[in-house]
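A.B. asks: Give me the fold of what follows.
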Amino acid sequence: MKITFIAHSGFLIEWEHFYTLFDWWKGDLPPLDKTKPLLVFASHSHEDHFDKHIFTLLEQYPLTRFILSHDIRLATRRWEKLGMTPEIFSRVTSMRIDSIYATEAGGVPLTVRTVQSTDVGVAFLLSAEGRLVYHAGDLNWWHWEDEGKLYCSNMAANYRRSIEKLAAAVRDEAADCGCAPVIDVAMAPLDPRLEDAYDKGIAYLLEQIPVKTVFPMHIWGKFDWIDRYRAAHPEDAERVVPIRGDGAVFEL
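C.D. replies: Next up, the predicted model:
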């Protein structure tokens, strides 16, 4: 499995039989094999996670499909504004919170589950080829002191609830595929804007769910904060990937 960190929360994963592209709104894609299906995911409508230029990928890669969060509105009257055509629209699957989409990619079964974000949209859990892959979108422990104690208390409860549902989804998918209840690859926010609370989200995720490898994202180019997390959490250091810049490629 080859993983390319494109920028911000954007990742390209090359599986054996297909590609998955998550939250691509800026940065360059490497050349792709046109004979392998490309599944493009957008976790929500924020401009740093979704951009309509994803639909141009179909021009170059004919096996492209799109799996979008329900909050990305694609009513017919907006087709033209988004640069879409009926052909593109026919390749879009819209997913609501706590939903399951069973499909195939490159001739192998693929299951996509969603979990409610603590901001907008959904997080994705994918199961295929005996692996579980998680992309959080904006599902994070957003501890903003300026919002007040009630906000922070509600956020903590909402995040814990979503991680509990994610853990249940991991167990269910593991039972279905006959694999271990472990997330092989997780992509989750580590946002420096949260200051001292920057690590709450990933730390709780790794505490509650077995994860082999986690790629911090949503770090606004401040890659040194990954080193800060690894130093503060030595128990997690080996599975937290030290991304050094946009376009970095990793082989797992």
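
A.B. asks: SS state for F11?
C.D. replies: Following DSSP: H, G, I helix; E, B strand; the rest coil, we place F11 in the strand state.

A.B. asks: out of everything not next to it in sequence, what's closest to it?
C.D. replies: Leaving aside its chain neighbours, F11 sits nearest to F22 (4.8 Å; criterion: Cβ to Cβ, 6 or more residues apart in numbering). No exception for glycine: its C-beta is placed from N, CA and C like everyone else's.

A.B. asks: pLDDT score for that neighbour?
C.D. replies: Note on F22: pLDDT of 98.

A.B. asks: Can you get me a residue count around it?
C.D. replies: 25 (other Cβ atoms under 10 Å).

A.B. asks: from what I can see it touches A7, true?
C.D. replies: No - checked against Cβ atoms under 8 Å, the pair F22 and A7 is beyond contact range at 11.5 Å.

A.B. asks: list residues touching both of the two?
C.D. replies: Shared contacts of F22 and A7 (Cβ atoms under 8 Å, 6 or more residues apart in numbering): none.

A.B. asks: Now for A180: which residues touch it?
C.D. replies: So A180 contacts 174, 210 (Cβ under 8 Å, 6+ apart).

A.B. asks: Look up how far V92 lies from it.
C.D. replies: 33 Å (Cβ to Cβ, to the nearest Å).

A.B. asks: Could you do V120 as well?
C.D. replies: The value you get for V120 to V92, if Cβ to Cβ is used, is 18 Å.

A.B. asks: A175 too?
C.D. replies: Counting by Cβ to Cβ, the gap from A175 to V92 is 30 Å.

A.B. asks: who has more neighbours, those two?
C.D. replies: V92 (15 against 10).

A.B. asks: can you pull up the bridge partners for the closest residue to that one other than its chain neighbours?
C.D. replies: Spatially, and ignoring its direct neighbours in sequence, V92 is nearest to F66 (4.6 Å; Cβ to Cβ, 6+ apart). Note on F66: beta-bridge partners by DSSP bridges are V40, V92.

A.B. asks: Sketch out the low-pLDDT regions of the protein for me.
C.D. replies: 75-82 (pLDDT under 70).

A.B. asks: Strand partners (parallel or antiparallel) of the longest strand seen in it?
C.D. replies: Ranked by residue count and defined by DSSP state E, the top strand of the chain is strand 108-116. Counting by DSSP bridges, the strands paired with strand 108-116 are strand 100-105 (antiparallel), strand 122-128 (antiparallel).

A.B. asks: Check what contacts the last one and list those residues.
C.D. replies: Under the criterion Cβ under 8 Å, 6+ apart, residues 15, 17-18, 20, 22, 41, 43-44, 67, 69-70, 95-97, 105, 108-117, 132-137, 139, 162, 166, 169-170, 173, 176-177, 183 lie in contact with strand 122-128.

A.B. asks: Filter these down to the buried ones.
C.D. replies: Burial by neighbour count, judged by 16 or more other Cβ atoms under 10 Å, picks out 15, 18, 20, 22, 41, 43-44, 67, 69-70, 95, 97, 105, 110-117, 132-137, 139, 162, 166, 169-170, 173, 177, 183 from the contacts of strand 122-128.

A.B. asks: ranges for the strands of the protein?
C.D. replies: Counting by DSSP E, the strands of the chain are 2-7, 10-14, 19-22, 38-42, 64-69, 92-95, 100-105, 108-116, 122-128, 131-135, 183-189, 211-217, 249-251.

A.B. asks: Now do the buried residues in the fourth one.
C.D. replies: Counting neighbours by 16+ other Cβ under 10 Å, one finds that the buried residues in strand 38-42 are 38-42.

A.B. asks: Just put these in a markdown table and tack on distance to H143.
C.D. replies: Formatted as a markdown table, those follow (distance: Cβ to Cβ, whole Å):
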| residue | distance to H143 |
| --- | --- |
| L38 | 36 |
| L39 | 32 |
| V40 | 31 |
| F41 | 26 |
| A42 | 25 |
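
A.B. asks: Widest-spaced pair of those residues?
C.D. replies: With distances taken as Cβ to Cβ, the most widely separated pair in the buried residues of strand 38-42 is L38 and A42, at 13.4 Å.
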